[in-house]
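> okay, sequence plus prediction incoming.
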Amino acid sequence: MPSNPRFSSGRDRRTPLWLWCAAIVCTIITLAVIIAGIVTFIGYIVIHPRVPYVSVIHAHLDPIRLDYAGVLQIQATIQIRAQNGNKKAHASFSDSNYTLSLNGEDIARLVALPFEVNKNSWVDFNYLVESSPIPLDPEQAENVDMALKHDHITLGLKGSSRVRWRVGRLGSVRFLCHLDCHLHFHPLNGTYIPSRCTSNAK
C-alpha cells in the first residue's frame, strides 16, 4: 500500500531581520568597550599617573601670649606644599581653604586663590597666621597654661583643595585633597615637631 506523502507547513522559519541587527549592534558595542578598556589600561601603564596632594612641610610658632584675663593670641608660620608628581600632566588647584584651631576653637583661616602646578613640580605657600585676641574660659586657659608648662602644644589643621588634572588623552580627573592633621610644637622656642600631615584624595 503506498505511503502518504508528508507536507511541510508552508512557512519557512527565518530569524527576523531586526534581531540580526540588534545582535550586530550589541557585538559592536561589546568590542568597543573591550578596546576602550585595553587602551585605558595601556595608557595608565605608560603614563603611570600620580595623584597630586598637599602637605605641611614646615612650621614655626611665635611666642604665645596669654594674659591674666584669659585672652589668647597666637602667631605662627605654616608652609604648605602642593605637589604634582606627574611627568606628563599639570594640575589645577582651587578652593583651597584650611582652618587652624586650638583645643577645638578656630583661631585662623588659611586660603589661597586658584593656582597651577606644572608637571613634576610643586608650589609652596608660606602662611603667616596671626589670630585675633581669643577670650578663653577658665578651663581653656588652664589647658593652654599646662601646655606651655610642659613645652608641648598641638594645633589642629583641617581643610581641603579641589584638584583637576588631565591624565594624557584619557580625560580629566577631579577630586578633593582633604587635609586633617595635628601640628605639634615646643612653644618655648617655637620649634615644629615634624609629623606626617598629608592630604587624602576623596
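That came through fine.
> pLDDT below threshold where in the chain?
1-15, 36-49, 167-171, 201-202 (pLDDT under 70).
> now with 90, please.
Low-confidence segments of the chain, defined by pLDDT under 90: 1-52, 63-73, 85-90, 102-107, 119-120, 129-145, 147-148, 164-176, 200-202.
> strands of that one, start to end?
Assigned by DSSP state E, the strands in the chain fall at 53-61, 65-66, 71-73, 75-84, 91-102, 105-112, 115-117, 121-130, 134-135, 153-166, 172-186, 191-193, 200-201.
> now for these, which one comes closest to residue 146?
Proximity of these to residue 146 was assessed by CB to CB; the nearest stretch is strand 153-166, lying at 9.6 Å. Where C-beta positions appear, they are placed from N, C-alpha and C, glycine not excepted.
> which parts of the closest one are buried?
The neighbour-count check on strand 153-166 (16 or more other CB atoms under 10 Å) flags 153, 155, 156, 157, 159, 160, 161, 163, 165, 166 as buried.
> hang on, isn't residue 166 packed against residue 119?
No. Between residue 166 and residue 119 there is no contact under CB atoms under 8 Å: 10.7 Å.
> return every residue with contacts to both of the two.
89, 90 (CB atoms under 8 Å, 6 or more residues apart in numbering).
> follow-up on the earlier one: could the strands of the chain go into CSV alongside distance to residue 29?
Listed next are the strands of the chain as CSV, based on distance: least, CB to CB, whole Å:
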stretch, distance to residue 29
strand 53-61, 37
strand 65-66, 69
strand 71-73, 64
strand 75-84, 36
strand 91-102, 34
strand 105-112, 45
strand 115-117, 38
strand 121-130, 41
strand 134-135, 62
strand 153-166, 27
strand 172-186, 24
strand 191-193, 57
strand 200-201, 32
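> on that earlier part again, of the buried residues of strand 153-166, closest to residue 125?
Among the buried residues of strand 153-166, residue 161 lies closest to residue 125 (CB to CB), at 10.5 Å.
> give me the residue at the spatial middle of the protein.
Geometric centre of the chain, nearest residue: residue 177, 1.7 Å, by CA atoms, centre = their mean.
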